[in-house]
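A.B. asks: Provided below for reference: sequence and predicted model.
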Amino acid sequence: MTTAICLCCGAVKLGALTPCPECRFDPQENGDKAKAAVPTEHFLSQEDLNAVSERIKSGLAVAYPDELGKDLSHDFASNSGLGK
Ligand SMILES: [Zn+2]
């Protein structure tokens, strides 16, 4: 399984498209799946994964590659209340 970071709470989980064990966020929408595929060991180093996790836990926006869309930080903000 791939080490990934939950988009909602920053928890480390196994598999980009699996439900988060911490907050139960489960990427189902295509946009969510695209975002969920980014903070994984396929694209980021362990160091970068840790940085993404810390940013999410701190409530900061995560920078995504441009090709995934310009307004992902807005989408992320609208999801950030999950699991609180
Ligand atoms: Zn989570």
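C.D. replies: That came in fine, so what should we check first?
A.B. asks: Close to the ion: what parts of the protein are there?
C.D. replies: 6, 8-9, 11, 20, 22-23, 25 (C-beta under 5 Å from the ion). For glycine as for every other residue, the C-beta is placed from the backbone atoms N, C-alpha and C.
A.B. asks: now those residues as CSV including secondary structure?
C.D. replies: Shown next, in CSV, are these (DSSP: H, G, I helix; E, B strand; the rest coil):
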residue, secondary structure
C6, coil
C8, coil
C9, coil
A11, coil
C20, coil
E22, coil
C23, coil
F25, coil
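A.B. asks: May I ask which of these has the most neighbours?
C.D. replies: C6 (28 neighbours; other C-beta atoms under 10 Å).
A.B. asks: so what's the nearest residue to that residue once chain neighbours are set aside up against?
C.D. replies: Among residues not flanking C6 along the chain, C20 sits closest, at 4.0 Å (C-beta to C-beta, 6 or more residues apart in numbering). Going by C-beta atoms under 8 Å, 6 or more residues apart in numbering, C20 touches 6, 8-9, 11, 13, 26, 83.
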